[in-house]
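K.L.:
Here is a sequence together with a model predicted from it:
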Amino acid sequence: MKRLLFCLLLMLACAPPDAGRYQAIVGALLIDGTGAPPVPISVVVTDGARIRAAGDQMHTRIPAGSQKIRGEGKCLLPALVDRATNRPLEISLEGHATPLEAIAAATRAHATPIAPGQPADLMLVAGNPLEDPGSLKRLDGLMLGGRWVELR
């Protein structure tokens, strides 16, 4: 029993200090909510309740031991949801020249942009809302405060 306990302690002591600390959403179309052009193949790294890094896959480092979430074929945006129900907000295109402008306006009003240091409040949707604004209603994942929440 002592030997088993010793082996367990030894294994824990050898684990990298940041193991399990980071999550990396990889490969999604990133719309950061600022109105900037989208990033086609992105990486967003969260560190607990905050975003650590966000950018294109070629230039954004993923820390060793990160949990990787596949985002290919999906779009990652600020969490434009009703916090009571976790359902997507209605985003009106009225008064906006493009869906990108409408998303930026909704982010200014209801969320925070995706950027280092900001809260890790993200939504992953199926499809591209710039081509099909209805895809904003097809939540594939929702992260609030750095944790994935159950979708209802």
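P.N.:
Perfect, thanks for sending it. All of these numbers come straight from a predicted model, not from anything done at the bench. Residues are numbered from 1 along each chain as shown.

K.L.:
now the residue nearest the centre of the chain, nearest residue through space, not along the chain?
P.N.:
The centre of the chain sits closest to Leu122, judged by C-alpha atoms, centre = their mean, with a distance of 4.1 Å. Excluding the flanking residues, the one nearest Leu122 by C-beta to C-beta, 6 or more residues apart in numbering is Met143, at 4.4 Å. C-beta coordinates here come from the backbone N, C-alpha and C atoms, glycine included.

K.L.:
which residues touch the one you found?
P.N.:
Contact analysis of Met143 by C-beta atoms under 8 Å, 6 or more residues apart in numbering lists 46, 79, 120-124, 149.

K.L.:
Would you list the buried entries among those?
P.N.:
46, 79, 120-124 (16 or more other C-beta atoms under 10 Å).

K.L.:
related to what we said a few turns ago, taking the contacts of Met143 one by one, which sit in strands?
P.N.:
46, 122-124 (DSSP state E).

K.L.:
Just give me the closest of the residues you listed to Ala105.
P.N.:
Met123 (16.3 Å; C-beta to C-beta).

K.L.:
What residues are bridge-paired with the closest one?
P.N.:
Applying DSSP bridges to Met123 gives these bridge partners: Leu77, Leu142.

K.L.:
pLDDT of stretch 99-112, averaged?
P.N.:
For stretch 99-112, the mean per-residue pLDDT is 96.

K.L.:
And stretch 42-53, by the same measure?
P.N.:
Rounded mean pLDDT across stretch 42-53 is 97.

K.L.:
Could I get the buried residue list for that stretch?
P.N.:
Result for stretch 42-53 [16+ other C-beta under 10 Å]: buried residues 42-47, 51-53.

K.L.:
Same check on stretch 144-152?
P.N.:
Across stretch 144-152, burial judged by 16+ other C-beta under 10 Å covers 144, 146.

K.L.:
Alpha carbons of it, as CSV, please.
P.N.:
C-alpha atoms of stretch 144-152 as CSV (Å, rounded to 0.1, in the frame of the first residue of the first chain):
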residue,chain,number,x,y,z
LEU,A,144,-18.6,30.8,-19.9
GLY,A,145,-15.9,31.7,-17.5
GLY,A,146,-13.5,29.2,-19.1
ARG,A,147,-15.9,26.2,-18.6
TRP,A,148,-18.0,24.5,-21.2
VAL,A,149,-21.6,24.6,-20.2
GLU,A,150,-24.3,22.2,-21.0
LEU,A,151,-26.6,23.3,-23.9
ARG,A,152,-30.3,23.1,-23.4
